[in-house]
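Student: From the sequence below, what's the structure:
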Amino acid sequence: MQTKRFTKNDGGFICKHCGLKVEPLGYTSRNHCPACLWSVHLDEMPGDRKSLCMGEMEPIGAETDAKKGYIIIHRCTKCGCIRRNKTAHEAIVQPDDIKKIIELTVKN
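Tutor: Prediction:
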């Protein structure tokens, strides 16, 4: 039996790192703050909200993908888990801060 790799979970949230009220994207799961780019370790598989860790995920780098655009690399400050997350820098509602994303590409 094959496990579903993505579960859409597009709720709004308050950023644990900077306190911004983050609105839902409307078309996919938003998992990081568009202002500071920090996230929270919520998922085992994208969108499943099954992680017990709940540590803050620091944006440590970014890269480009020919099909997906910019990808942010997050590292959990609690358990060290590394996750890659697609950006929403072209979103209509609260787009990700493109300047911060580009700054992260230099860190790689």
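
Student: CA atoms for contacts and neighbours, from now on please.
Tutor: Will do.

Student: Tell me where the chain has helices.
Tutor: 98-107 (DSSP state H).

Student: Tell me where it has strands.
Tutor: 13-14, 21-22, 39-40, 56-65, 69-76, 82-86 (DSSP state E).

Student: Can you say which of those is packed in most?
Tutor: strand 39-40 (a mean of 23; mean count of other Cα atoms under 10 Å).

Student: list the helices and strands that strand packs on?
Tutor: Here strand 39-40 touches strand 56-65, going by 3 or more Cα pairs under 8 Å, 6 or more residues apart in numbering; DSSP states H and E.

Student: The closest residue to residue 76 other than its chain neighbours: what's it in contact with?
Tutor: With Cα to Cα, 6 or more residues apart in numbering as the criterion, residue 76 has its nearest non-adjacent residue at 4.2 Å, and that residue is residue 57. Taking Cα atoms under 8 Å, 6 or more residues apart in numbering, we find residue 57 in contact with 38, 39, 40, 41, 74, 75, 76, 77.

Student: For the residue nearest to the fourth one when sequence neighbours are not counted, give me its contacts.
Tutor: Meaning residue 41. Nearest non-adjacent residue to residue 41, counting by Cα to Cα, 6+ apart: residue 54, 4.8 Å away. Counting by Cα under 8 Å, 6+ apart, residue 54 makes contact with 40, 41, 42.

Student: you'd agree residue 101 is up against residue 64?
Tutor: No. Residue 101 is beyond contact range of residue 64, at 10.1 Å (criterion: Cα atoms under 8 Å).
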